[in-house]
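Engineer: 3D model of this:
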Amino acid sequence: MAAINLQQKLSTFSEHWSPKIVADFNRHDVMVVKAQGEFDWHSHPDTDDFFLVLKGKLTIRLRDREVHLGPGELFVVPQGVEHCPVADEEAHILLIEPRGVPNTGDEKTAATKTRI
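Structural biologist: You can find the predicted model right below:
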């Protein structure tokens, strides 16, 4: 067991919307991701979706409103709610999802999660 430096982990990659697993927590993946531009509209039928902004700004578009997040702010999208994360400029995000959950809600369109 060792401390995990999230900034160091984020410095090891440059691609956007490609989640990197940095820890396990009660059968959940704790991940960091660099976000820029618009991700896909999607939902997760069986789980909530956790977003914590570490750096930059992130907008979570919902069908009826937008949630704007800055550093240190988090938002949990309830299960089954369609949403679309958007970052006008690069943002660094911490995500927590049950292990094996595709980030788009669909295995066919999901990004491959790698461990760093």
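
Engineer: correct me, but residue 55 touches residue 87?
Structural biologist: No. The pair residue 55 and residue 87 does not pass the contact test of C-beta atoms under 8 Å, sitting 10.3 Å apart. (Each C-beta comes from the backbone N, C-alpha and C, glycine too.)

Engineer: Note down every partner strand of the helix or strand bottoming out on mean pLDDT in the chain and its orientation.
Structural biologist: Sorting the helices and strands of the chain by mean pLDDT, DSSP states H and E puts strand 114-115 at the bottom, at a mean of 84. Strand pairing for strand 114-115, determined by DSSP bridges: strand 20-25 (parallel).

Engineer: Pull out the buried residues from the strand it pairs with.
Structural biologist: 20-22 (16 or more other C-beta atoms under 10 Å).

Engineer: and which of these is nearest to residue 38?
Structural biologist: Compare each of the buried residues of strand 20-25 with residue 38 using C-beta to C-beta and the shortest gap goes to residue 20, at 20.1 Å.
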